[in-house]
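Q: fold the following, please.
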Amino acid sequence: MGKDKNKKLKKASVSSDKISEMDMESLDGTDQDIKQPSAFSDGPHSSVQRLNKKLYESELKKLQSDLVRMQYWIKATGFRMIVLFEGRDAAGKGGTIKRLTEPLNPRGCRVVALGTPSDQQKTQWYFQRYVDHFPSAGEIVVFDRSWYNRAGVERVMGFCTQDELERFYQACPQFERMLVQSGILLLKYWFSVSDVQQEARFQSRINDFTRRWKLSEMDLEARNRWVEFSKAKDVMFTHTNIPEAPWFTVEADDKRRARLNCIRHLLSKVPWEDMTPPAIQLPSRPEQGEYERPPINEQFFVPNAYPYD
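A: Take a look at the predicted model:
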């Protein structure tokens, strides 16, 4: 077993051409990539049955273990990966990103959530501020919203001109093809939530002051333009749902199912192998020289607010 792992670890690099070839194979339609949703599309629904909590936690633990194994492979091969999350406000993107990234080594996985572009960035090529955050060899970069702001919020709220929008529709597929051709795996997820569930989640944020920061005036304005956002999303899909980087819709009325389904799908799209290194053997602690600790009254300590029994 040890010899097999060492053999795998020697494959410390995979060429861009080979990665692109593997990526395209993994992006081909599979049994997991269905054409029709099992429960709903991006429309109104009154209720949804939540996945059993014990089952959810058990499955999440297994999937997060596989994510760690996948990251070992990514680091060993120099694989590069971008995962972007889009969808309506309160669709569950942030919660899924949290469960996706929390077991991973942060040195090899970054979350990018860019704010409003600066005056300087507004003068740059539109994609430029996103390119600055693209992965190096062995890295995963997760975009919590992305360059698709132009086709969504900027279009609906009037933050871009019609000419800028048309240029985006034309340039985006070319831009993404270049990413894939360079050896980057690009996964695009759209989180679909019904208006009823969104309303409930908005109200939950209002009721909990520790989460009110998640709700902005812009979110409320977007709530009033539900149909406009639906139409914008449909046009965006028409222009940017390309074979090299298709859109994958996540049914998100049940957050637990959405998280598990998205992580499971992501794992199926990366051609990883188990390259987990063997456990480190902890040697006996070596003999140390004598050491005298400075007097306690010469140091500052954080007060213990929770006394021992």
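Q: can we go C-alpha only for contacts and neighbour counts from here?
A: Will do.
Q: can you give me the helices for the stretch 1-150 of the chain?
A: Using DSSP state H, counting those that start in this stretch, the helices of the stretch 1-150 of the chain run over 2-10, 16-27, 53-77, 93-101, 128-131.
Q: hmm, Ala151 is touching Ser230, no?
A: No - look at Ala151 against Ser230 with Cα atoms under 8 Å: they stay out of range, at 11.3 Å.
Q: quick one, which of the two is more surrounded?
A: The residue with more neighbours, out of Ala151 and Ser230, is Ala151; 22 against 16, by other Cα atoms under 10 Å.
Q: distance of that one relative to Phe159?
A: According to Cα to Cα, to the nearest Å, Ala151 stands 10 Å off from Phe159.
Q: cool, and Val48?
A: Distance from Val48 to Phe159, by Cα to Cα: 35 Å.
Q: over to His133?
A: 23 Å.
Q: just give me the neighbour total for Lys53.
A: 10.
Q: how close does it sit to Leu266?
A: Applying Cα to Cα to Lys53 and Leu266 gives a distance of 22 Å.
Q: same deal with Asp144?
A: Taking Cα to Cα, one finds Asp144 at 16 Å from Leu266.
Q: any idea of the mean pLDDT in the helix or strand containing Gln174?
A: Element membership for Gln174, per DSSP states H and E: helix 162-181. Helix 162-181 shows an average pLDDT of 98 in the prediction.
Q: packing partners of that helix?
A: The contact analysis (3 or more Cα pairs under 8 Å, 6 or more residues apart in numbering; DSSP states H and E) places helix 162-181 against helix 16-27, strand 184-192, helix 226-240.
Q: list of residues touching the helix or strand where Asn261 lies?
A: Asn261 belongs to helix 255-269 when assigned by DSSP H and E. With contact meaning Cα atoms under 8 Å, 6 or more residues apart in numbering, helix 255-269 is reached by 23, 26-27, 32, 50-51, 56, 59-60, 63, 66-67, 70, 92, 95-96, 99-100, 187, 250-252.
Q: go on, stretch 287-299?
A: Contacts for stretch 287-299 (Cα under 8 Å, 6+ apart): none.
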